[in-house]
Every structure is written in structure tokens, then in C-alpha cells.
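A.B. asks: Sequence first, predicted coordinates after that:
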Amino acid sequence: MLRFKRDDGTSYPEWENKVLENIFIFQYGKFNNNPDNGGIYPIYGANGIIGGYNKYNAENSIIIGHMGANAGSVLYEKGKHFVTYNGTITKPLNANTLNLYFGYYLLLGKNLRQICAGSGQPFLSYDMLNRIKCSVPCLEEQQKIADFLSEVDNIIAMSEQEIESLEMQKKGAMQKIFSQEVKFKADDGSEYPEWEKTLLGNVCNINPKTNELDDMFFYIDLESIESGKLILKEPINKTEAPSRAQRVLEIGDVLFQTVRPYQMNHYYYENKLPMQVVASTGFAQMRLINGDNRFLYYLFYTNDFNKSVDVKCTGSNYPAINSSELAKIKVKIPCLEEQQKIADFLSEFDNAIEYAKEELEVWKNIKKGLLQQMFE
């Protein structure tokens, strides 16, 4: 659907149909017991890190996972070392083959995943790989396609680096703010009062009495929150809801994950949804008695608070903290005006991170669309 042209505007020849055995030689990656970094290398697949140990240089090679969870995954990245488990690398048969182009071509996975055999342990044999049909443009057009998609990848990589940088800056800012290494001042330049040292239960309503459940509502369970964001599911009927659906949320409520709290999937209910929202008892529902609940939300992500929670958790497989023990945790709380300034400041980081993530998703979708238009 999408074709490149020569610099003089003329069209390139039609693509040839070949099978991979006429393009590549397949071979296993070399096994290395002593990774350079002294630890276990990650394995990279089409969808990210997928585990593993074998290490080799990916220069001018395509990595194809051929067994287990990574069967059919593809990666090509020039000049980097990668590690693979049950993986296959490729060597081109002649100078008319550009691995970077075929790395992008195979990244769609439309051929590889469909031909995997086995159910419990999917696999790709060399024979299966050899039979894969592939559309092959001339070398010059391969180069143009690869260069173009590489530029898109560069933009995606820069977006990912921007997000990582913003998250690190936010983490550093939180550490300095909550340790009071950095202090906010009133608008007239005066100092705010010292933070009050108290128990969480003295300044916060934990699991307040809530309204009755509506006939239909949005239900938030432990899998509904990811990095502070709500993964909204379809509404459920009260008669079909689990018994743990008890905590009816109001705007400004904060949910603290009490089961496996180390996952830190807490949530601040900021934007009203068009239907009642009910949370699982796997969360504690929290409201500051006289304060900004956004400050409370950020407090729950601090290292000191989570260390205090870990000490009070019980259970090994599913460590948890109950509301009475949560109420006994010692905290430091600033005055309301300083809470608001802290929350406003950290919210700006969150907004910037969210915007960068949305931009990243746009570029990933652009790349996906380009791959489909070029190769399908």
C-alpha cells in the first residue's frame, strides 16, 4: 500500500516473492555462561523483555525466538549485544539482503506466530522458518524503508527516554520534599509551620461509611489500577458483583492497596465517572480529615511510608496490612496550604509524564500503521 520511489521520482521494480531459505541461513545464538555485566541478561522480543540467558552480538543479525513464550518474537538492533533463550539468529546469503529491512518485515509476526507448532510449548523449527514466504524489494528500496522506520524508532526511543527522565525527576523531587530537604514557602515568603508528627488514623478517615450500592456500577479490583491509572472495565450488576465490592467512592477519595501493597497500585479518584464507582476491600478507602487528598496519595508512594507498611504486613504468599494497623503508621503532615502546593507541584510532573506517554503511544501506533501499509 505504501511504496518508496527513487530520488529521480521513478518507481522501483515490483517486489519478488521468495521463501526465507533463499534469503537466510539460520543458526543458534552462542551460549555464554559469564555475561559481561555479571548477571542475567534480558531477552528482548517483539513485545519487550521476555527472559533468557544466551548472549551474542546482534550486528547484522535478526533474532527470532523459536521456543516457548518467545516463539515467533523478532528483534533487530544494530550494534548491540542481546541475549536469547532458545533463540535463532540469521545470516544473509548474499549482499542483496538487508537484515534491518527484514527485521522490520518480520516484526509484524503475522507469519511467525501463525506457523508456531505445539500448544503448551510453542516452537518454530528451522524447516518452518525456511518455508516462510516473504516479499522482497530491491536492495535500494529495502534501505529506504529501513532508514525511514529507523527514524521512527529513534523518535520512539527519545520519547521513552523522556518518560524515564521525568519519572526519575519526580522520584527525586518527592524524596527531597517528603524528607523536607526542600521546603515550600507561603506566597508572602514566610515559612510554613513545622509538619505535624502523628498517626495516620488521627488525620485520616479510613474506610468511612459509604452509600448503598447502585444496581449497576464500575468495579475496581486489584487488577484495575496500574501505575496510579484506572483501567476501566464494563459496569457490572450488583447481583453479579463479588462480595468484596463494598467501598463506594466519592470524588477525592484515595485507595491504598492493602493486599500486596509493595505493588503500590494506589489510586486517586479525581474525575467523576458517569456511574457509581465501587472498590474492592483489597483497598483501604482514605480521606484526610482536614487536608488535600492528593497530598495523601503522593505520601503513599514515598519510601518511608512503604517501609512502615512492610513492617506491619502479615502473610507470605499474599502479604497484607489491615486498616487498624494502617492507622498506627506514623506520618508527618504539613498544613493544608503547603499540602496543596506540594500536590500542585507533583501533579505537574504527572501531567507531563502522562502527556509524554500519550505521545509515545501515538508514535507506536504510527509505526504499527506504517508496518502494515508497507508489508501487508
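C.D. replies: Received it, and whenever you're ready, just let me know what you need. Please read these numbers as outputs of a predicted model, since none were measured by experiment.
A.B. asks: How are the helices of the chain distributed by residue range?
C.D. replies: 99-107, 112-115, 126-130, 139-178, 200-203, 293-299, 303-312, 323-327, 336-375 (DSSP state H).
A.B. asks: want to try JSON lines for those helices, with mean pLDDT and mean neighbour count as columns?
C.D. replies: (C-beta placed from N, C-alpha, C; glycine too.) As requested, those are exported to JSON lines (pLDDT from 0 to 100; neighbours: other CB atoms under 10 Å):
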{"stretch": "helix 99-107", "mean pLDDT": "78", "mean neighbour count": "23"}
{"stretch": "helix 112-115", "mean pLDDT": "77", "mean neighbour count": "15"}
{"stretch": "helix 126-130", "mean pLDDT": "79", "mean neighbour count": "15"}
{"stretch": "helix 139-178", "mean pLDDT": "93", "mean neighbour count": "16"}
{"stretch": "helix 200-203", "mean pLDDT": "96", "mean neighbour count": "17"}
{"stretch": "helix 293-299", "mean pLDDT": "96", "mean neighbour count": "24"}
{"stretch": "helix 303-312", "mean pLDDT": "94", "mean neighbour count": "15"}
{"stretch": "helix 323-327", "mean pLDDT": "95", "mean neighbour count": "16"}
{"stretch": "helix 336-375", "mean pLDDT": "93", "mean neighbour count": "16"}
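A.B. asks: Could you export those helices as TSV, including distance to Ser243?
C.D. replies: Formatted as TSV, these follow (distance: least, CB to CB, whole Å):
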stretch	distance to Ser243
helix 99-107	45
helix 112-115	40
helix 126-130	49
helix 139-178	36
helix 200-203	26
helix 293-299	27
helix 303-312	25
helix 323-327	17
helix 336-375	33
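A.B. asks: mind listing what Phe349 touches?
C.D. replies: Neighbour list for Phe349: 166, 169-170, 173 [criterion: CB atoms under 8 Å, 6 or more residues apart in numbering].
A.B. asks: which of those lies closest to Asp221?
C.D. replies: Lys170 (26.8 Å; CB to CB).
A.B. asks: ok, back up a step: please identify which of the helices of the chain is closest to Ser224.
C.D. replies: helix 293-299 (16.1 Å).
A.B. asks: name the helices or strands packed onto that closest one?
C.D. replies: When contacts are defined as 3 or more CB pairs under 8 Å, 6 or more residues apart in numbering; DSSP states H and E, helix 293-299 packs onto helix 139-178, strand 254-257, strand 267-268, strand 283-288, helix 336-375.
A.B. asks: centre of the chain versus that helix, how much separation?
C.D. replies: Centroid separation for helix 293-299 versus its chain: 23 Å, with CA atoms, centre = their mean, to the nearest Å.
A.B. asks: Restricting to C-alpha, output that helix in PDB.
C.D. replies: Extracted C-alpha coordinates of helix 293-299, given in PDB (Å, rounded to 0.1, in the frame of the first residue of the first chain):
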ATOM      1  CA  ASN A 293      -6.200  14.100  49.500                       C
ATOM      2  CA  ARG A 294      -3.800  14.500  46.600                       C
ATOM      3  CA  PHE A 295      -1.000  15.000  49.200                       C
ATOM      4  CA  LEU A 296      -2.100  11.800  50.800                       C
ATOM      5  CA  TYR A 297      -1.900  10.000  47.500                       C
ATOM      6  CA  TYR A 298       1.700  11.100  47.000                       C
ATOM      7  CA  LEU A 299       2.600  10.300  50.600                       C
END
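A.B. asks: returning to what we had before: got TSV for the contacts of Phe349, with distance to Asp188 too?
C.D. replies: Formatted as TSV, the contacts of Phe349 follow (distance: CB to CB, whole Å):
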residue	distance to Asp188
Leu166	31
Gln169	28
Lys170	28
Ala173	24
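A.B. asks: Which two among those residues are spaced furthest apart?
C.D. replies: Going by CB to CB, the pair spanning the contacts of Phe349 furthest: Leu166 and Ala173, at 10.4 Å.
A.B. asks: Report the separation between Gly118 and Asp187.
C.D. replies: 67 Å (CB to CB, to the nearest Å).
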